[in-house]
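1. Need coordinates for the following:
(chains A and B)
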Amino acid sequence: NAGVTQTPKFRILKIGQSMTLQCAQDMNHNYMYWYRQDPGMGLKLIYYSVGAGITDKGEVPNGYNVSRSTTEDFPLRLELAAPSQTSVYFCASSYSGQRQPQHFGDGTRLSIL
Amino acid sequence: GESVGLHLPTLSVQEGDNSIINCAYSNSASDYFIWYKQESGKGPQFIIDIRSNMDKRQGQRVTVLLNKTVKHLSLQIAATQPGDSAVYFCAEGGTGNQFYFGTGTSLTVIP
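-> Model (predicted):
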C-alpha cells in the first residue's frame, strides 16, 4: 500500500505564479485534509473534504482552492503565489472524521521567491 | 478558537531512560486525542490515541495519560531508543471535522 502520496516533494515558485499540489490516497478513505506547517508552529488546516464533491474551509483557506472529484484525489491549488505561502504542505486522510487518526503524506516543501 | 500547547519545546534524554512529553488543551468538549511522531523530512506518523472516557491507554513502549480535570495529556515512552528522536505532536478533536495540533516537542535521545 502506498498510503498517502504527495507530489511534488519540493518546488520553488515566483511571486504571482500558480501551481497545484497533488495528493492521492489508496486506502479508500472518505476524509481528506490539507495542512500547512510553518517553522515552530503546529499544523494548520487549510481545507478538508468529507467525500467526493464536498469540500469545506479550515482555519487558513485564503489564497488556496481545492476540489474533490474522486475519492482518491484531493489537489490543492495556489492561484497567485505569495511569499506568505512559503511552507511545508501536508495532505492527510482518514476513513471518517471525528475520532480516527489521520494518515499523512511526506509533504511538499514550497518556497515562494 | 482551539489551542493546544506543549509545556516543553525540547527534551533530551539518555538512551534507556523513560521520556515524558506533555500537552495542554483548552476545549473541554474535545473527546478524542492523538499523539503523532514526526521525523525529519517526513509526515506525522500516528503513535497512539485515547478517548475521553479513558484515563490511560498503553501501546508498545508508549502510554498516554489523560487528565480531563486539568485538560492535560502526556505521552510516556519507556526505554527510549535513538530511533525515538523526533518531534512529537498532540492533537485534539471530536467536536467537529477538524483537529487542532500542538506546536510539538523535539525529543533528542543521547546514546
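
2. shouldn't A:S93 be in contact with A:Q25?
-> Yes - A:S93 lies in contact with A:Q25 (Cβ atoms under 8 Å); the separation is 4.3 Å. Glycine gets a C-beta too; all of them are placed from N, C-alpha and C.

3. Need the overlap of contacts for those two.
-> A:4, A:32, A:74, A:103 (Cβ atoms under 8 Å, 6 or more residues apart in numbering or on different chains).

4. among the residues you listed, which two are most distant?
-> A:F74 and A:H103 (12.7 Å; Cβ to Cβ).

5. Give me the more crowded residue out of these two.
-> For A:F74 versus A:H103, the count of surrounding residues by other Cβ atoms under 10 Å in any protein chain shown is larger for A:F74: 29 against 21.

6. quick one: the more buried one and A:V50 touch, right?
-> No - the criterion here is Cβ under 8 Å, and A:F74 misses it with A:V50 at 11.2 Å.

7. What degree of burial does the closest residue to B:F101 other than its chain neighbours show, as a neighbour count?
-> Of all residues not flanking B:F101 in the chain, A:G42 sits nearest, at 3.8 Å (Cβ to Cβ, 6 or more residues apart in numbering or on different chains). A:G42 has 19 neighbouring residues, counting by other Cβ under 10 Å.

8. Kindly report the same for B:S19.
-> Residues within reach of B:S19, counting by other Cβ under 10 Å, total 20.

9. And the pLDDT for residue 9?
-> By default, I'm working from chain A. With respect to pLDDT, A:K9 has a value of 96.

10. Let me rephrase: I mean chain B.
-> If you check B:P9, the pLDDT there is 83.

11. Just want to check the distance between the residue of chain B found nearest chain A and A:P83.
-> Using Cβ to the nearest Cβ, B:G43 is the residue of chain B that sits closest to chain A, at 3.4 Å. As judged by Cβ to Cβ, to the nearest Å, B:G43 and A:P83 stand 24 Å apart.

12. returning to what we had before: these two touch, right, the residue nearest to B:F101 and B:F99?
-> No - using Cβ under 8 Å, A:G42 makes no contact with B:F99, being 10.0 Å away.

13. low-scoring stretches of chain A, by residue?
-> By pLDDT under 70, the low-scoring segments of chain A are A:1.

14. could you redo the last one with a cut-off of 80?
-> A:1-2, A:40, A:97-98 (pLDDT under 80).
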